[in-house]
Structure formats: C-alpha cells, structure tokens
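Engineer: give me the fold of what follows.
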Amino acid sequence: MHTIDVSPDEMARHIARFDEQESQSAHYASDAGIPREAYEIMAAKTLYLMMAPETQGGPMAQKPGISGSPGTSIILARCPPGDKPLLHAHHFTVESFMCLTGRFRIRWGTTGEQQIDLNPHDMIAVPPGVDRQFENITNDEALLLVIISGTSDEDFSDISMPPSETEFMRAKFGQPVLNAYTKIGTAWRHVDGRIDGPNIPATIEISSTEMSKRIARLSNMRPLSATSEDSIGVPLEAREMVAAKNLYLLMAPENQGGPLSHHAAIRGPESINVLIAECPPGDSPLLHAHHHTVETFMCLTGHFRIRWGTEGENHIDLNPNDMIAVPPGVDRQFENIADDDARLLVIITGASREDYNDISMPPKSTAIIRERFGEAVIAAYQQRGVSFREA
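Structural biologist: Model (predicted):
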C-alpha cells in the first residue's frame, strides 16, 4: 500500500480550531435571507459547522471549518441553559448526538413525548424519519456534538418540521421565512397531511426499548483491548501498543471488517465509526496509515499532539474541541501531551464497510511489533486486514 506526504500548509486546510469558528446563524442571516432569530429557534442558539462536504446541501451547509468527504457533517452546538431547537425529523440521514459538557436531554416522538438524558461522552444515534429535539438541561452553557451521516450530498436536504412547529414558525416569522427555508431543503408538514417543500417519506415512531439499542453509555463500556483477545489472538500489550491504552467503540456498521470491528455499542450506518480513546499521559498508538478512510480526531479533554509523515515528523497540537481530518494514505499518530488522563474522539469515515480493512503499519512500526511480539502477532493482525510495510 502506497502512502502520501502532506505538508503542514496542506494539512492546515484539514484543521478546524474551535475558537476560530463562526456561528451558522450569522451565515444564514447574510446569505440566505433567514433572520438570525429564526435560525437560532429552528436549530439552536449557536451552531458551528466543523466539517462538511463542500458540495453538501441542506440548512447546515454554510462554510464548514473543514471541507470533508461526502456523507458526513460534524457540528458543535453551544447551548445556554434551556436552549433547544424545534422538534424536527431527518428523513435520509442518521443524526447522532454526543454530550461534550454538561447534560443534554434528547426527546423523540410526534410530540417529543419520549426522552433520555446524556452525560458527558454518552451518545445516541437517532434513525431516519423520527422527530427529535435536544435540550441543555444544566444551569450552565453546555456543548453537544452532532454527527449527521448519509450516503450522498442529496441526503442532507432532508429536514422536515411537524405541524405544530410549522404553525409556530409561520405565526412568529411569516410565510416568507418558511419559503426561504424551503429553498435550502426544509419541508413543512401540516395537520391535514399536506407538505410544503421537498417530497419526504412519512415519519416513524420508535419505542424506548428500540431506542435503547442506539445509545452508548461510556461508563458502561469496556475498551476494545479488553474485548477482542479471543477473536483476534493478540496479547493485551500488543493491542494497546497498536491502538491506544483504552479505546472504546461507540458506533460501527454491523459486520464491519478490519481490526476495529468488535463490540460496538451502537450498530450504525455503513459509512462511519465513532470511537473514544481514553489515554494516560504520554499514551499514543504506533504510527500507522488508513488508505481508504478519513480519520478525524477531536480533542475532548486535555491536549493531544497529532503527528503525521513517514517518521511522524510533522505535528499540530489540539486543544479541547479542536479537530483535524487526516486524509487517506497519510501515516499518523496521536499522543496525550497533558499531565492527566485525556480523551480523544476518533471518527473514521468511508464509503462502505469494506473500506475499513485499510490499515497499514510503516516499516519502523512493523519492526517494533515483530521484535517485541513475533510473527504470530503480525499474522493475527494480517487476518484482520492490517498490512505491514517492510523497509
């Protein structure tokens, strides 16, 4: 497998610094004729579009921090106490919520009659067609990560508003604002069954029992290193050296290949993996490359150094909520450079589940594993789709 070199200047286009982002509502007020108050009532007080495809449509597609691959948008919602968007549905995409700070309540159902609460780094993946809403239920400002996953750019023009919200928006802002939203892909549902805007499938109901299968509670999870020994035949020390000390798989496609396919808390779309690395000071995996997938890192707590290049010769440091999306074919490595345990969010996106058999280790990493653990461990990893490059 061939690797590529990316200069620091080139990699800068793949980095989003949280404190440099501009709210989406500011863009829509100036570019789409939607009053800022109307956008903030519909979406949330402050939304930052950290990453999205350059060609994506829909009401959350203005000027992303990183122009990413098709199929994934990553958004940060910055919410004062009690802040919540209107109830709404996504009809072709999966919308996943992860609490970053504070606590959030996720409601769903025709009237938002069902709910669960998320603690920091808990996650829920809401399926297409379900009306949903989030709310900051703490007394302080809180942050929520929103990941929207689809198969094409067209999927992202898929939002609809239930009848009660349609009437609320019309009464407060008038029909011209609803028309402006329709132009960017929002559908408005009416009590009599009429729909103004794009054609959309009917909404669906999902029980609390069904939704419980789509929730990942980090406090209830075990790291991959503690769950995969029997299935891949690799000793714990080797697994922690290759991946990280504690790596939690929150969401992955069902029957996915590759070395990160064990014990996902949520079976999600084919295009995305979501993991959290919980690292003691100095913890880092070996240098490695992904050849068909984009690996995105977001610092959750502490500080992380992201290295890349044949010898890991380039690096940038991430503060909380900063993000970098490493392109396919680039050798990369992360390290906790804080003095305390820290958490890093890892999002891996590809076109299909087959793309995840795409990890390779550079010659120096190959030599370290061979010398320390022998050919049997190399062979075990090769059976899970990992390639080992020789000098």
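Engineer: where do the helices of the stretch 151-300 of the chain begin and end?
Structural biologist: Assigned by DSSP state H, counting those that start in this stretch, the stretch 151-300 of the chain shows helices spanning 163-173, 175-183, 208-212, 229-232, 236-242.
Engineer: show me what the first one is packed up against.
Structural biologist: Of the remaining helices and strands, those touching helix 163-173 by 3 or more CB pairs under 8 Å, 6 or more residues apart in numbering; DSSP states H and E are helix 36-42, helix 175-183, strand 187-189. Where you see a C-beta, it was placed from the backbone N, CA and C, and this is true even at glycine.
Engineer: residues in contact with the longest one?
Structural biologist: Applying CB atoms under 8 Å, 6 or more residues apart in numbering, the contact partners of helix 175-183 are 32-35, 38, 42, 59, 166, 169-170, 188, 196-198.
Engineer: swap the cut-off to 7 Å and go again
Structural biologist: Here helix 175-183 makes contact (CB atoms under 7 Å, 6 or more residues apart in numbering) with 32-35, 38, 59, 169-170, 188, 196-197.
Engineer: and that helix, which residues are buried?
Structural biologist: Of the residues in helix 175-183, 177-178, 180-181 count as buried by neighbour count, 16 or more other CB atoms under 10 Å.
Engineer: which of the contacts of helix 175-183 count as buried?
Structural biologist: For these, buried by 16+ other CB under 10 Å: 34-35, 38, 59, 169, 188, 196-197.
Engineer: reformat these as a markdown table; add distance to Ser284 and pLDDT.
Structural biologist: Formatted as a markdown table, the buried ones among the contacts of helix 175-183 follow (distance: CB to CB, whole Å; pLDDT from 0 to 100):
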| residue | distance to Ser284 | pLDDT |
| --- | --- | --- |
| Ile34 | 44 | 83 |
| Pro35 | 47 | 87 |
| Ala38 | 46 | 90 |
| Pro59 | 39 | 55 |
| Met169 | 48 | 97 |
| Trp188 | 49 | 97 |
| Asp196 | 52 | 95 |
| Gly197 | 48 | 93 |
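Engineer: ok, so of the residues you listed, who is nearest Ala244?
Structural biologist: Ala244 lies nearest to Pro59 out of these, by CB to CB, at 36.0 Å.
Engineer: in this structure His14 contacts Ile324, no?
Structural biologist: Yes - checked against CB atoms under 7 Å, the pair His14 and Ile324 is within contact range at 5.8 Å.
Engineer: let me see the ranges of the strands in the stretch 251-391 of the chain.
Structural biologist: Secondary structure of the stretch 251-391 of the chain (DSSP state E, counting those that start in this stretch): strands at 266-268, 272-279, 288-290, 294-299, 304-308, 314-318, 323-326, 331-336, 342-349, 359-361, 387-388.
Engineer: tell me which of these lies nearest to Pro128.
Structural biologist: Of all the strands of the stretch 251-391 of the chain, strand 266-268 comes closest under CB to CB, at 12.0 Å.
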